[in-house]
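Novice: Based on what follows, work out the 3D shape:
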Amino acid sequence: ELLDRAIQSIKLGKSIELSDINSHKTDINLRICALIPETFIPDVHMRLTLYKRIANAENQVELDTLHVEMIDRFGLLPQPVEYLFKITCFKLMAQTLGIEKIEANQHGARLCFAPNPKVDPNRLISMVQSNPSQYRFQGAEQFRLIVEMESAEERLEQINLLLTTLNTST
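Specialist: As a prediction, this is how the structure comes out:
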């Protein structure tokens, strides 16, 4: 994948830097089971192919198209597959904002920003000032959400709300 990105950059006449090629991925860990169960698609090759297609979706339209295709081919998707699609959607949003990592558990979430994020710092400051018990800076590159999120649905909802809020401020 790195080689493919480097070739694409060369074809477009861009100079290549390893940091640019490798910076397109965002790591997300919400401590949620987000996978394609073997009981849903028993063929390991098919599951791996689908994982790759989901991970390589470059925008929301591609992801939505794949989502519809999987429903057409395999029927209603089990909850872990739906979670996989939602988390992949978050990755696309986070990459656009320059967020390198999102971690969450039942007590809150942490965002780690890339060196030059596309998030309005005034928006972050405003969020902290308006609700200091819920939002905090943790150093210059991290932002914390402090809220109880016991269930997977609560985590997905809170992360979606946070990313949407940050995205609308750009």
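Novice: What distance do you get for residue 54 to residue 41?
Specialist: Using Cβ to Cβ, to the nearest Å, residue 54 is found at 12 Å from residue 41. Placement of C-beta: from N, CA and C, glycine included.
Novice: Compare those two and say which one has the larger neighbour count.
Specialist: Of the pair residue 54 and residue 41, residue 54 is the one with more neighbours under other Cβ atoms under 10 Å, namely 21 against 18.
Novice: Does that one touch residue 86 like I think?
Specialist: No - between residue 54 and residue 86 there is no contact under Cβ atoms under 8 Å: 11.2 Å.
Novice: could you measure the nearest residue to residue 107 once chain neighbours are set aside against residue 162, distance?
Specialist: Leaving out its chain neighbours, the residue that sits closest to residue 107 by Cβ to Cβ, 6 or more residues apart in numbering is residue 148, at 6.6 Å. Distance, residue 148 to residue 162, by Cβ to Cβ: 15 Å.
Novice: In terms of neighbours, single out the busier of those two.
Specialist: Neighbours per residue (other Cβ under 10 Å) separate residue 148 from residue 162, with residue 162 holding more: 22 against 9.
Novice: residues in contact with the residue nearest to residue 107?
Specialist: Residues near residue 148 by Cβ atoms under 8 Å, 6 or more residues apart in numbering: 106, 107, 108, 154.
Novice: which one among these gets closest to residue 136?
Specialist: residue 108 (9.3 Å; Cβ to Cβ).
Novice: any idea how far that closest one lies from residue 155?
Specialist: Where residue 155 is concerned, residue 108 sits at a distance of 10 Å (Cβ to Cβ).
Novice: Show me which helix runs longest in this structure.
Specialist: Once the chain is assigned using DSSP state H, the helix that runs over the most residues is helix 79-97.
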